[in-house]
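Undergrad: test case, fold it:
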Amino acid sequence: MKSHMAIAGLAALALSGCDDAAPAVTDAAPIDAAPIDAVVVDDLALTTDDRPVDPPRDVPPPIDLGSGPIDPASWPVDRPGPYRVGYRTFRHTYTPRGSSTPRTIPLHIWYPTLVAEGAHPTYALIFRDTQSFIDAPPAPPAHPRGYPVHVYSHGHQGFGPTSHFLMRYFASHGWISVAPDHIGNTLLDTPDPRPVQIYYWRSLDVSAALDAVSALPASDPLSGRLDAHAAILSGHSFGVHTLWASAGATFDVDTIRPRCTPRISCTEADLAEFGRGVADPRFAAVIPMAGSIDRSWFGASGHRSVRVPVFSMSGTLDPVGADTQFDSTSGVDLTWIDVRGGCHQFFALGRCPMIDDALQGPIVGTYALAFARRHLLGDADPAVRAILDGTRAVHERVTLRHHPAAP
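TA: Predicted coordinates for the structure are as follows:
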């Protein structure tokens, strides 16, 4: 995700922003909310007079806990679930493999709640989410093993909540969504050229995010309530690179080595990490959006080591190579949908010229949740299967193709 700031004042991006009434970052210094005149993210230009606000189009009614047993498998995947959505952030520190320097990443978490009022978050100090409630008390897990977990990787020069509509969609169905800010690759802190290390650190970030929510302190209201032994991983734009790496794609070290120049610092230790790979077997399936496998990093055959299902999403107005990815990844269990009129931001911040943002949930949310329920929760519902095999049309704008895993 390419971006630049038209004015200074977003220095606290990595922590994100929340309404002043209830700051969500509890272990950090106060956020510097200096005025922002304008921001440009990809081709999406915004000013303070044009702040995007999520309309309340997909706010579900509160769940009625007195109506009988709760069965999340019975909730249709093609509309938001019965929960409201809580939101919080905190910092997590870990030491990346091959390094002795601790790395601190902010984590954004969306979760189910029964609360329907409170302060709303403003992501990156400009993207206001009126459908999430800061630090709302979590609802009891609806799934018998605890909240299922969905992890998200943002794009180049992005921030954790870029696809907050999707995080919210999962949370409304009783899931936990967690998204790290990839420090060193966000709106304000990405150097030029992009450091080689970020190509494997991002995968370590999403693994660290899963570690963090798996080991919350006993005092945390979410502690012990997550089913984090396995998770779904999604990503947007450069986040697609993260997904392929975390899913087990093999780096082509011989191709990467020439990138190590005096201008782009990398070491033999870095090359060793690429050779070792960053696969995390806890990610049971992955959802790449608005991007494709980068052969300059994975070579022609790097995809062959991927053993988990892949659900790729792209838009017809965003030529990111999704068609080439589909044609060149035979042997991987890969489903691909292409959305007519979808631009790069249809899967994130929205405002595409040829498709309404109101279709993000009904298209992206429906397919992502159906895929997640099938491959993480083992959902055998015929309606879910029909969505994923294309026998049930979710929307007339969508075309779907699939090739199976190698025998």
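Undergrad: wait, what's in contact with the closest residue to Tyr83 other than its chain neighbours?
TA: In space, and not counting its chain neighbours, Tyr83 is closest to Pro112: 3.6 Å by C-beta to C-beta, 6 or more residues apart in numbering. No exception for glycine: its C-beta is placed from N, CA and C like everyone else's. Going by C-beta atoms under 8 Å, 6 or more residues apart in numbering, Pro112 touches 81, 83-86, 138-139, 142, 147, 171-175.
Undergrad: ok, so of those, who is nearest Phe127?
TA: Distances from Phe127 to these, taken as C-beta to C-beta, are shortest for Val85 (15.1 Å).
Undergrad: just confirm the closest one is within a helix.
TA: No: read with DSSP: H, G, I helix; E, B strand; the rest coil, Val85 is strand and lies in no helix.
Undergrad: isn't it right up against Ser172?
TA: Yes: counting by C-beta atoms under 8 Å, Ser172 is a contact partner of Val85 at 6.0 Å.
Undergrad: report the secondary structure state of Pro258.
TA: Put simply, Pro258 is helix when judged by three-state DSSP.
Undergrad: if I look at it, how far off is Pro102?
TA: 30 Å (C-beta to C-beta, to the nearest Å).
Undergrad: how many residues are close by Asp327?
TA: For Asp327, the count of nearby residues is 12 (other C-beta atoms under 10 Å).
Undergrad: quick thing: my sequence starts at 556, can you match it?
TA: Got it, first residue is 556 now, which makes that one Asp882.
Undergrad: what's the helix or strand encompassing it packed up against?
TA: Using DSSP states H and E, Asp882 sits within helix 877-883. Contact partners of helix 877-883 among helices and strands, from 3 or more C-beta pairs under 8 Å, 6 or more residues apart in numbering; DSSP states H and E: strand 865-870, strand 889-894.
Undergrad: just say which of those is most tucked in.
TA: strand 865-870 (a mean of 26; mean count of other C-beta atoms under 10 Å).
Undergrad: the residue nearest to Tyr638 bridge partners, please.
TA: Val640 (DSSP bridges).
Undergrad: mind checking how far Ala691 is from Leu777?
TA: Applying C-beta to C-beta to Ala691 and Leu777 gives a distance of 12 Å.
Undergrad: neighbour count winner among those two?
TA: Set Ala691 next to Leu777 and count neighbours by other C-beta under 10 Å: Ala691 wins out with 23 against 17.
Undergrad: what's the neighbour count on the closest residue to that one other than its chain neighbours?
TA: Ranked by C-beta to C-beta, 6+ apart and with sequence neighbours excluded, the top spatial neighbour of Ala691 is Gly641, at 3.6 Å. When neighbours are counted by other C-beta under 10 Å, Gly641 registers 26.
Undergrad: repeat for the one 5 residues further on
TA: The local packing count at Arg646 equals 16, with neighbours defined by other C-beta under 10 Å.
Undergrad: and for the one 5 residues further on?
TA: Pro651 sits with 19 neighbouring residues when counted by other C-beta under 10 Å.
Undergrad: do you know the pLDDT at it?
TA: Note on Pro651: pLDDT of 96.
Undergrad: just give the closest residue to Leu826, not the sequence neighbours.
TA: Using C-beta to C-beta, 6+ apart, the nearest residue to Leu826 is Val808, at 5.7 Å.
Undergrad: Arg837 too?
TA: Closest residue to Arg837 in three dimensions, ignoring its sequence neighbours and counting by C-beta to C-beta, 6+ apart: Ala785, at 5.3 Å.
Undergrad: residues contacting that neighbour?
TA: Residues near Ala785 by C-beta under 8 Å, 6+ apart: Val704, Arg837, Phe838, Ala839, Leu931.
Undergrad: top of the residues you listed by neighbour count?
TA: Of all these, the highest neighbour tally under other C-beta under 10 Å goes to Val704, namely 26 neighbours.
Undergrad: could I get the longest helix seen in the chain in CSV with only the CA atoms?
TA: Scanning the chain for the longest helix, with DSSP state H as the assignment, gives helix 753-769. The C-alpha trace of helix 753-769 is given here as CSV (Å, rounded to 0.1, in the frame of the first residue of the first chain):
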residue,chain,number,x,y,z
ILE,A,753,10.7,-6.5,6.7
TYR,A,754,10.0,-9.3,4.2
TYR,A,755,10.3,-11.9,7.0
TRP,A,756,9.7,-9.7,10.0
ARG,A,757,6.1,-9.2,8.9
SER,A,758,5.4,-12.9,9.2
LEU,A,759,7.1,-13.0,12.6
ASP,A,760,4.8,-10.1,13.6
VAL,A,761,1.6,-12.0,12.8
SER,A,762,3.0,-15.1,14.6
ALA,A,763,3.9,-12.8,17.6
ALA,A,764,0.4,-11.4,17.5
LEU,A,765,-1.1,-14.9,17.8
ASP,A,766,1.4,-15.6,20.6
ALA,A,767,0.3,-12.4,22.4
VAL,A,768,-3.4,-13.2,22.4
SER,A,769,-2.7,-16.8,23.4
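Undergrad: give me the angle between the helix or strand that it is followed by and strand 865-870.
TA: Downstream of helix 753-769, the first helix or strand assigned by DSSP H and E is strand 781-791. Strand 781-791 and strand 865-870 are oriented at 40 degrees to each other (axes from the mean of the first three to the mean of the last three C-alpha atoms, to 10 degrees).
Undergrad: give me the mean pLDDT for strand 781-791.
TA: Across strand 781-791, the average pLDDT comes to 98.
Undergrad: flag every buried residue along it.
TA: Leu781, Asp782, Ala783, Ala785, Ala786, Ile787, Leu788, Ser789, Gly790, His791 (16 or more other C-beta atoms under 10 Å).
Undergrad: continuing past that strand, what's the next helix or strand?
TA: Counting by DSSP H and E, the element after strand 781-791 in chain order, helix or strand, is helix 794-802.
Undergrad: number of nearby residues for Ala840?
TA: Neighbourhood size, Ala840 [other C-beta under 10 Å]: 20.
Undergrad: list the contacts of it.
TA: Contacts of Ala840 (C-beta under 8 Å, 6+ apart): Ile787, Leu788, Val863, Pro864, Val865, Phe866, Phe926, Ala927, His930, Leu931.
Undergrad: can you name the two of those that sit furthest apart?
TA: Val865 and Leu931 (13.7 Å).
Undergrad: understood, closing this out.
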